[in-house]
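Visitor: The following comprises the amino acid sequence and a computationally predicted model.
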Amino acid sequence: MPCERKPMRYGHSEGHTDVCFDDAGKYIVTCGSDGDVRIWESLDDDDPKSINVGEKVYSLALKNGKLVTAASNNTVQIHTFPEGDPDGILTRFTTNATHITYNRSGSRVAAGSSDFMVKVVEMYDSSQQKTLRGHTAPILSVTFDPKDEFLASASCDGSVAVWKIEEQTQVTSWPLLQKSNDVINAKSLCRLAWQPKAAKLLAVPVETTVQLYQRDSWAQVGTLSDDLGTQAINVVAWSPCGKFLAAGSIGGLLTVWDVESKLCVERQKHEKGYTVCGLAWHPSGGQIAYTDTEGCLGVLDGLSSSSSSSSTTASSTTTKQTPASYDDLFDDDDDRPMDEGISEGARSPAKNPGDEDDDDDLIPATGRARNRSAFLDDENSLDTGSLKQGLDKFVDDDDAGSAIVPPAAVAAPLRPVYDGPMPTPPQKAFQPGSTPAHLMHRFMMWNSVGIVRGYNDDQDNAIDVEFHDTAVHHAMHLTNSLGHTVADLSQEAVLLACPGTDELASKLQCLHFSSWDTNKEWMVDLPKGEDVQALCLGQGWAAAATSALILRLFSIGGVQRELFSLPGPVVCIAGHGEQLLVVYHRGTGFDGEQALGVQLLQFGQKRRQVIHGEPLPLSRKSHLSWLGFTAEGTPCFIDSEGVVRLLNRSLGNMWTPVCNTRDNCKGKSDHYWMVGVHENPQQLRCIPCKGSRYPPTLPRPAVAVLPFKLPLCQTTTEKGQMEEQYWRSVLLHNHYGFLSSSGYEIDEEGQSQAQKEQQELLMKMFALSCKLEREFRSVELAELMTQNVVTLAIRYASRSHRMALAQRLSDLALEKANQLQGEEPQEEEEEEPLQYTRRNTGYSQSSSEMGADRQHSSHRQAQEEEVDEEQGQEEHMDEGDVAESKRQGLNPFAKGTAASPEKPSPKPVSKEGRVNPFKVSSGLGRSGSAGGQNRVTNVLDSMMSSSKKPTALLSSSGSTGKLNKTPFLKPLAPRPKTKTQSTLLHMNAPKAANKKAAEEREPAVCKLKQTEAPPPASPAENVENKKHKSGFQLWLEDNRRIILADNPDLEETDVIKEAIGRFRTLSADDRLTWTERAKGQSGDVADMKKRKRGEEESRGDKNGQSEADETSAKKKKPVDTSAKLSAFAFNKN
C-alpha cells in the first residue's frame, strides 16, 4: 500500500494533545494534558526528550528555533528549541489560551483564549501586541493569512471571523458552527487553515465537510466532502505546496483531498477509532503526523506518491465506464474502498524511459494509474502530464474535475524570487522606564525621582505619583480622564500625554508642582493628526516627539520654545539637566537588526549639537530597551541583549560597553529591568524579573544593584583584573571633566580618591610587569603615570636591579617635565575669567537660595585671596629642598603629601623660584568687588583653595584638557581643613556657615590690604620655620620624605614617633653633628630678628596703647630668640 499507516505510539496521558514539525522536519513535537512537551526524532524514538511547561498544555507552535506553548497557567511561554530552555513569557490572559499559531515568517504569534480575546504578539518585542475583541465566547482556533494581512478565528459563539490585523477590525463573519459555552463542550475544535503560498483559500471545517472561502471576496467557492465521513471534522491542515488538504475527524477518519479536483486521494482509519485532535504535514509533504485524545502519536508515510496515484485513480473511477471489457484491464478488487484497492508496485509493468522526466513528486509510482491514463482517453480522464503541468489551472468550483488541460501546455515562467536578507520590522516608540501600555496595571515611569503608576481596569482609571524623597513633594493621585499613556517625572514637574482620537486632539499636560504661584498646571493641544509618541523633562524645559517627525520644546512653565524636524520616526527621548538625547529610525534594518540614529543636544547659554545623528551601536539582532542618563549626566542605553553602553566623551563621543546584565541572570528567561545608573558609586540599579521582561506593579518589586564590568580579555587573571579596574575607573570618572567645563562644582575629594586609585593600579601593574620580565610593557604603563609616580617606578626598578629600565624611566620623567614646562606658558595666555555662571545640577533654585549663592561667591573670593597669600609663602622654597625632593622622590599615596589633584606631573623648579600660573592678583579681585560684580570662581581657583588638604595625584590618562594643570607644591605639614568641599548634590552652603567662614577669613583679608609687600607667612608657619630649631627637628625635616615613603599611611603624630625612634638609633657622633648644625643656624636667626625689628620700627604702629602693652610683655619675658619671634608673629592679633 503506497500510503503506510505506522503503528501508534503512546506519547502523553489521556486528554487533548497537539503536534507539529520543526522547520527542517527533523523532529516531531507533541504536547498533552500531562503538561509535557516531547521531542521525537522519529516515531521509533524510544526515548524522546521531555520538557515540562505547566500543569496542562493546550497548544504549541514552533518556528525559527522558538517553541511557543499555551499552558494552563494562563500564559503563552517561549522555550528554545531543541534545548528546551525557558526563554520568557510572551503574553498573558485572564484564563488559559486555547490555540496558538505562528505567521509565515515566524515574527508574530496569534493566540486565542477562553476570555473571548485574540492577541497578536510580536516575537522580537512582546510589548508590541494587538488585541482583537468581538467574539462573545471562548476562542476555538486562530490562523494567519500567509501575507500577514488578515487573521481568521473560530469561536464557541458559533462564528468564524476574519480580522484585519493592523486596524484590529473585523472584516467579515460567518455563523457556521454549533454554539457552546466552553471549548471542552464544543462539538468540534474547528481548527482553521489558510492555504499556504497562494493564500487564496481559507479552509473551515463545518460538520462533516470542509468549506473553502475565497480571499478578499470572502465568498464560499467550494466544499470538500467524503461519503465515508459520518462524523464532524475536528482539524484540517494544508500540505506545504498548498494543493492538498488533510482532515481528521472525531471518529478517527483521516482524509486527504486534492483541492483542485475536490477529490479524495487518501483515506485512512484510526486503528482504534479515537478522535484526531492534532494534525501536521511534514515540510517535505511526504508525511502526516497526527495525535488523538488518548495521548497517542501516529504517522502516515509515503503521501507524495499515494496522493498523485490516488488522484489519478479517483479520476478514472469516476469516469463513465462505457465498455464493460475495460474492467478486465484492472484488478478484480475494484469494488473495495479506494484505500484498499490500489495495486502494489510489484505488479506494475516496466517503466517507459521516456516518462522519466514526468516522474517527479506528484507523479504516481504505481503502474496501474499509468495504465489507466494510457487506455482511457475520454473527456474525464487525466494523464500524468496534465496533472503535473496544469494542476493550478483548475477553477475553484464543484465541476472542476471536468476541466481538461492539454498535456503539451507549457508552465508559466517563474518570477524571480528574492532570497536575501529580509527587512526587520521597525521598533515601536516607547518610554524608557515604563512597562507596556496594554497592561491594566503598569509602570508609566520609574526613575531616580519617583514612580508613576497607571491603573486602567473596570473599577478605576487613575495615575499614582510617588516620590522616593518625600521632601520633593508628597504623593499624588490623579484621575486619568483623558487616557494618558506616557509620562515622565522630575524634581520640578510631572509630564503626561495622551493619544488623539477622531474627536479630540492629542494633549500634553504638565503638573508643575515646584512653581511658586498658585496655577501649577498647563495643557497644550497638538495639531490634528499629530500624536505624542515620546516625551521627557529636563532642568527648566520639557520636550515631546510627535508622529509628525517633529520635536517640540516647551519651558517648564508652558512657553513654547524651539521645534525642529527629526530625521526619522522617533524611538525614545531622554533628558537630564541641559542635555537632550534623541533616538530615531535612520532607515530600515535587515536580518533582525535595527537601524537607529542618535542625537545629543546641549542647551544652556552655549547651545550646540554634540552628537549629529551617528548610528546607535546595538548588539546583534537586538533592539533598544532603555535610554537615559547616569546620575552624573552621562548618556547611557541598554539593548534587549542586556548590554549596557556608556558615552565615552574622551574618545570623541564613542559608546563603550560597561556591563552585561545577562551575566547576572540565572535562567534564560530572566531579565533585569533598568531603573537608574550611577557612576560614583559604580552602580546599576535595576529590578530582577524572573521569567519575564517586566516587573509587576504589585507587590512592589525590590531594586537590585549590579556592578560594572568592562568586557576586557582574560579578566580571570590578575593582569586582566587590574586592567579592567583601571580603565573602568578612567571611564567612569570622565564626568568630572565634563561637569567642570560645563560650570558645575565637582566633588574634588571623590575625584582625588579616583586619581589615587588609578595611580595605585598603574603601580601594581608596573610591578607585575617587572616580575614577568616585561620591561617594555613597564615603560608603556609608566607613560600613563604622573611624574611623581614615575619617580616611584624608578626607585622600584633600581631596587630590582633593572638599571636599563630605570634609565628609560628617567628619560620619560624628564620628557614629562619638559612637556609640562612648555605647556604652562600657553595656559597663562589662554586663561581668562570664565563667563558662565555656576549652575546648579538640581532642578530648582528659589530666590533665597540665589541670594545665599551670591553671598557664598563673595566669601569664596575672600577665601581665595587668603589662599593666594598662602601660595606665595609656599613658593619661596630653597633650591636645596627642591633638589632633595627630586633625589629622594615623593610617595604620592602618603596621606601627608599635598600634591595637586588636577596635574599629571610637577613643574620643574627654576632658580628664580616658583610661579603660580593660575594665581589671581589681589588688585584684580578688589577691582572686581569695587565694580559691584562678584568674581566668578572657576575650576582652577577651587583646586587652589583645596590645596590645603591632603590630595592624591591625577592620572595622566584621566585628565582632560589644559584646565587640569596646576603647579607642583612642596609637601608641608598637614593643616586643618578649613574649606567645605562642595559636591554636585550640595551646591549652596547654609547662610550660618557662610557667616562663620567670613568671620574666620576676615583677619586674612585685612592683612592682605595692609601691605603691598610679599605676603608674610601665617603665624603658625613663622613659629615653626623661624624659631631656634633643635638637631632632631633639622634631622626630621631632611628625613621626613623617607619616613613617609616607607610608611605612607602614617599620621603626623605617628611620623614624629617613628622619627624619634630612628633618631635614637643614630650614633652619638651623628646626633652631635645635627645638634651643632642647629646651633650654627642661631646666628642667622638673630640677624633675621634684627632686620624684622628695624622694618617694624620704621613702619610704626598707629595704636600706641598696643605698642606699650607689647613693650611691657617683652620686658617680662626672658631674652630668648624663639620667644621674641613668637611675640612678633602674634602681635597683630
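Guide: Looks like it arrived, so ask away. Residues are numbered from 1 along each chain as shown.

Visitor: same question for the one helix or strand residue 497 maps to, mean pLDDT?
Guide: Residue 497 is located in strand 494-498, with elements delineated by DSSP states H and E. For strand 494-498, mean pLDDT is 95.

Visitor: Can you give me the buried ones in the helix or strand just after it?
Guide: Sequence order places strand 507-511 as the next helix or strand after strand 494-498, per DSSP H and E. Neighbour-count burial for strand 507-511, with 16 or more other Cβ atoms under 10 Å as criterion, is recorded at 507-511. C-beta coordinates here come from the backbone N, C-alpha and C atoms, glycine included.

Visitor: cool, stretch 537-549 as well?
Guide: Buried residues in stretch 537-549, defined by neighbour count with 16+ other Cβ under 10 Å: 537-547, 549.

Visitor: between those residues, which is nearest residue 287?
Guide: Using Cβ to Cβ, residue 547 comes nearest to residue 287 of the buried residues of stretch 537-549, at 49.1 Å.

Visitor: Could you find the closest non-adjacent residue to that closest one?
Guide: Distances taken as Cβ to Cβ, 6 or more residues apart in numbering place residue 531 nearest to residue 547, at 4.6 Å, with adjacent residues excluded.

Visitor: wait, isn't the one you found in contact with residue 499?
Guide: Yes: taking contacts as Cβ atoms under 8 Å, residue 531 lies within contact range of residue 499: 4.8 Å.

Visitor: hey, what's in contact with both of these two?
Guide: Common neighbours of residue 531 and residue 499, using Cβ atoms under 8 Å, 6 or more residues apart in numbering, are residue 506.

Visitor: Check the contact between residue 513 and residue 495; I expect there is one.
Guide: No: contact status for residue 513 versus residue 495: not in contact, 11.4 Å apart, counting by Cβ under 8 Å.

Visitor: Please identify which of those two sits among more neighbours.
Guide: Between residue 513 and residue 495, counted using other Cβ atoms under 10 Å, residue 495 has the larger neighbour count: 28 against 17.

Visitor: quick revisit: so what strands line up beside the strand holding residue 497?
Guide: strand 486-489 (antiparallel), strand 507-511 (antiparallel) (DSSP bridges).

Visitor: can you tell which of the ones you listed is closest to residue 817?
Guide: It is, among the strands paired with strand 494-498 and with distance given as Cβ to Cβ, strand 486-489, at 51.5 Å.

Visitor: what does the closest one contact?
Guide: Contacts to strand 486-489, defined as Cβ under 8 Å, 6+ apart, come from residues 431, 434, 444-445, 447, 449-452, 454, 463, 465, 494-497, 532-537, 575.

Visitor: Out of those, which end up buried?
Guide: Looks like the contacts of strand 486-489 have 431, 434, 444-445, 447, 449-452, 454, 463, 465, 494-497, 532-537, 575 buried, using 16+ other Cβ under 10 Å.

Visitor: which residues sit in contact with the closest residue to residue 208 other than its chain neighbours?
Guide: Spatially, and ignoring its direct neighbours in sequence, residue 208 is nearest to residue 229 (4.9 Å; Cβ to Cβ, 6+ apart). Residues in contact with residue 229, defined by Cβ under 8 Å, 6+ apart, are 208, 249, 251, 253, 255.

Visitor: what do you get for residue 503?
Guide: No contacts exist for residue 503 under Cβ under 8 Å, 6+ apart.

Visitor: in what helix or strand does the residue lying closest to residue 192 once chain neighbours are set aside lie?
Guide: Nearest non-adjacent residue to residue 192, counting by Cβ to Cβ, 6+ apart: residue 143, 4.5 Å away. Per DSSP H and E, residue 143 falls inside strand 139-144.

Visitor: for the record, mean pLDDT for that strand?
Guide: For strand 139-144, the per-residue pLDDT averages 93.

Visitor: what sits up against that strand?
Guide: 98-104, 108, 110-114, 116-118, 150-156, 177, 183, 186, 188-194, 202.

Visitor: likewise stretch 66-78?
Guide: 29, 31, 35, 37, 53-62, 79-81, 84, 86-100, 102, 106, 109, 111, 121, 123, 669.

Visitor: returning to what we had before: dump the buried residues of stretch 537-549 to a markdown table, plus distance to residue 583 and secondary structure.
Guide: Output for the buried residues of stretch 537-549, formatted as a markdown table (distance: Cβ to Cβ, whole Å; DSSP: H, G, I helix; E, B strand; the rest coil):
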| residue | distance to residue 583 | secondary structure |
| --- | --- | --- |
| 537 | 17 | strand |
| 538 | 16 | coil |
| 539 | 21 | coil |
| 540 | 23 | coil |
| 541 | 19 | strand |
| 542 | 18 | strand |
| 543 | 13 | strand |
| 544 | 15 | strand |
| 545 | 10 | strand |
| 546 | 15 | strand |
| 547 | 16 | coil |
| 549 | 14 | coil |
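
Visitor: Pick the one among those residues closest to residue 1054.
Guide: The closest of those, once distances to residue 1054 are taken by Cβ to Cβ, is residue 539, at 47.2 Å.

Visitor: Residue 577 is in contact with that closest one, correct?
Guide: Yes: applying Cβ under 8 Å, one finds residue 539 in contact with residue 577, separated by 4.9 Å.

Visitor: element containing residue 111?
Guide: Counting by DSSP H and E, residue 111 is part of strand 108-113.

Visitor: now for that strand, which elements pack on it?
Guide: Using 3 or more Cβ pairs under 8 Å, 6 or more residues apart in numbering; DSSP states H and E as the contact criterion, the elements in contact with strand 108-113 are strand 86-92, strand 97-102, strand 118-122, strand 139-144, strand 150-155.

Visitor: Any stretches of the stretch 751-900 of the chain with poor pLDDT?
Guide: 824-900 (pLDDT under 70).

Visitor: show me where the stretch 401-550 of the chain has strands.
Guide: In the stretch 401-550 of the chain, strands defined by DSSP state E, counting those that start in this stretch lie at 441-446, 450-456, 461-467, 476-479, 486-489, 494-498, 507-511, 521-525, 532-537, 541-546, 550-555, listed in chain order.

Visitor: Now distance to residue 742 too, for those strands, in a markdown table please.
Guide: As requested, the strands of the stretch 401-550 of the chain are exported to a markdown table (distance: least, Cβ to Cβ, whole Å):
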| stretch | distance to residue 742 |
| --- | --- |
| strand 441-446 | 26 |
| strand 450-456 | 26 |
| strand 461-467 | 27 |
| strand 476-479 | 32 |
| strand 486-489 | 23 |
| strand 494-498 | 24 |
| strand 507-511 | 26 |
| strand 521-525 | 29 |
| strand 532-537 | 19 |
| strand 541-546 | 16 |
| strand 550-555 | 19 |
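
Visitor: For residue 719, find the nearest of those.
Guide: Checked against Cβ to Cβ, the stretch from the strands of the stretch 401-550 of the chain lying closest is strand 441-446, at 39.5 Å.

Visitor: now the closest one and strand 532-537, what's the angle there?
Guide: Orientation check (axes from the mean of the first three to the mean of the last three Cα atoms, to 10 degrees): strand 441-446 against strand 532-537 gives 50 degrees.

Visitor: Sheet partners, orientation included, of strand 441-446?
Guide: Here, using DSSP bridges, strand 441-446 pairs with strand 450-456 (antiparallel).
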